[in-house]
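**Q** Here is my input, please return the structure:
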Amino acid sequence: MSPDAVSIVNTDSSVFTTTRFSVHALAEPGVLPRLLELFAKRGLVPEFCRSTASGSGVSELTIGIRKRGLDAGTADHIAASMRQIPSVRVVLTARMRERRRASNPPRRTEPRTLDSKAF
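**A** Model prediction:
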């Protein structure tokens with residue numbers, strides 16, 4: 001993690017805040033890398049990213065990005081930066097707080113195999 005990322009990520013191990021970004025954009029090749037660049041330049045890696053093309057002739061993208069541990073100011077700044085990308089039409093954000101109980105350690109998830117039905 002970069003030194004700058006330390007101040008924008010919640011370090012309290014008992015409380016997690018997950019920010020979800022839902023982005024609707026024109027289906028253009030540079031949209032997804034531009035969105036992910038907003039995290040990369042802060043030394044952050046999203047836990048989840050999914051893009052679905054739809055519309056007549058596959059003209060629109062719906063992109064979901066999820067990042068745990070962002071503070072509210074950083075999440076708002078990233079969302080505002082997403083809205084400045086020319087092909088982006090709408091950016092919605094949701095923040096969820098989770099409190100981990102001391103008796104329950106964090107769950108480890110095993111890698112999933114891709115199911116062709118999911119696509």
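**Q** pLDDT score for residue 55?
**A** Looking at residue 55, its pLDDT is 79.
**Q** and if you look at residue 99?
**A** 65.
**Q** Tell me if I'm right that residue 34 and residue 83 touch.
**A** No: the criterion here is CB atoms under 8 Å, and residue 34 misses it with residue 83 at 11.8 Å. Where C-beta positions appear, they are placed from N, C-alpha and C, glycine not excepted.
**Q** When the two are compared, which one has more neighbours?
**A** residue 34 (17 against 12; other CB atoms under 10 Å).
**Q** Relative to residue 75, how far out is the more buried one?
**A** According to CB to CB, to the nearest Å, residue 34 stands 17 Å off from residue 75.
**Q** show me where the protein has helices.
**A** Per DSSP state H, the chain carries helices over the ranges 31-40, 72-83.
**Q** want to throw these into JSON lines with mean pLDDT?
**A** JSON lines is the format used below for the helices of the chain (pLDDT from 0 to 100):
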{"stretch": "helix 31-40", "mean pLDDT": "97"}
{"stretch": "helix 72-83", "mean pLDDT": "95"}
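**Q** Nearest approach to residue 64 belongs to which of the ones you listed?
**A** Comparison of the helices of the chain against residue 64 by CB to CB identifies helix 31-40 as nearest, at 10.6 Å.
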